[in-house]
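Novice: Next comes the sequence, and after it the predicted model I'd like to discuss.
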Amino acid sequence: MMQEQGSVSTRASTVSVTRMLGGLRQFIMFGIVGGSGTIVNLVTFYLVRKLFAAGGTAASDVVVNLLGTQWNFRYYHLFSVIAFLVANTWNYQLNRSWTFRSLHKRSWLRGFFPFLTTGLVSLVVSLGVLTLLMNPTSVIALPDAVFDNSNGFRTKEYWAQAISILVAMPVNFFVNKLWTFRRPKTVAVVTVAPR
C-alpha cells in the first residue's frame with residue numbers, strides 16, 4: 001500500500017515536471033515567434049513611417065486632437081497600429097503552425113479573433129508605453145539630446161516602438177496561453193486497479 005502511494009506520488013511529480021518543461025518549451029517557442037514578429041513589426045513601422053514621410057507627414061503630427069492637450073493620437077500611434085496588425089497576423093500563423101501545433105485547431109478565423117483580441121490588450125499596453133516614451137512631458141520620455149532623429153539609430157519613434165513591444169510581450173504570452181491556445185476541456189476518467 002505504501003509503495004502504491006509512493007508510485008502515485010512519483011507519477012504526479014513526473015507529470016508536473018513534464019507539464020512545466022512543456023510550458024517552458026512553449027514559452028521559448030512563443031518567444032522565438034514573438035522575436036520574429038518584433039522584426040516584422042519594426043520593419044512594417046519603418047516602412048509605413050517612410051511612406052507617410054514621403055507624403056510630407058511627420059510621425060509626431062496629430063491625427064486626432066484630444067481636447068487640445070499634448071496627449072493626442074499622432075501618426076506614430078497609427079504606424080504602431082498598422083505594424084501591430086501585420087505582426088499579429090504573422091505571429092498567429094506561426095504560433096498556430098509551430099508553437100501550439102499539437103493542440104486541437106479551430107478554423108483559422110475562429111482562432112484568429114481570440115488571438116487578435118488578446119493582441120489588442122497588448123496593443124493598448126504598447127500604445128500607452130509608446131505615448132509615455134514619446135511625450136516630452138512624461139517622466140519616462142526618451143531624451144531629445146540622445147534621440148534627435150539625426151539617423152536611423154537615433155530616431156525616437158523606432159526606439160519607443162521597440163521598447164513598447166518588449167513591455168507588452170509577457171502580457172501577450174500569458175493571455176494567449178490561457179485563452180487563445182488553451183487545451184480543450186476534457187473529462188478526466190479515473191480507473192482503479194483491482195487489488
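Specialist: Nice, thanks for sending it over.
Novice: pLDDT on the helix ranked longest in the chain, on average?
Specialist: If you go by DSSP state H, the chain has its longest helix at helix 2-54. The average pLDDT for helix 2-54 rounds to 81.
Novice: For that helix, name the packing helices and strands.
Specialist: helix 75-94, helix 156-175 (3 or more Cβ pairs under 8 Å, 6 or more residues apart in numbering; DSSP states H and E). Bear in mind the C-beta positions are built from the backbone N, C-alpha and C, glycine included.
Novice: would you turn the ones you listed into TSV with mean neighbour count and mean pLDDT?
Specialist: What follows is these, written out as TSV (neighbours: other Cβ atoms under 10 Å; pLDDT from 0 to 100):
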stretch	mean neighbour count	mean pLDDT
helix 75-94	20	94
helix 156-175	19	87
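Novice: Tabulate those in TSV, adding columns for distance to residue 101.
Specialist: Converted to TSV, the helices and strands packed on helix 2-54 look like this (distance: least, Cβ to Cβ, whole Å):
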stretch	distance to residue 101
helix 75-94	10
helix 156-175	17
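Novice: between those helices, which one is nearest to residue 143?
Specialist: Across those, residue 143 has its closest neighbour in helix 156-175 (9.0 Å, Cβ to Cβ).
Novice: Other residues contacting that closest one?
Specialist: Helix 156-175 is contacted from outside by 27, 30-31, 34, 38, 41-42, 45-46, 49, 59, 76, 79-80, 83, 118-119, 121-123, 125-130, 133-134, 142, 144, 147, 149, 152, using Cβ atoms under 8 Å, 6 or more residues apart in numbering.
Novice: cool, stretch 59-73 as well?
Specialist: Under Cβ under 8 Å, 6+ apart, the answer for stretch 59-73 is 49, 52-53, 74-79, 131, 134-137, 157.
Novice: Any idea how many residues pack against residue 20?
Specialist: Neighbour count of residue 20, defined by other Cβ atoms under 10 Å: 10.
Novice: Residue 131 and residue 73: what is the separation?
Specialist: Going from residue 131 to residue 73 by Cβ to Cβ, to the nearest Å gives 9 Å.
Novice: out of those two, which sits in the busier spot?
Specialist: More crowded of residue 131 and residue 73, by other Cβ under 10 Å: residue 131, with 21 against 15.
Novice: Now do the SS call for the residue nearest to residue 136 when sequence neighbours are not counted.
Specialist: Spatially, and ignoring its direct neighbours in sequence, residue 136 is nearest to residue 144 (7.3 Å; Cβ to Cβ, 6 or more residues apart in numbering). Following DSSP: H, G, I helix; E, B strand; the rest coil, residue 144 is assigned to coil.
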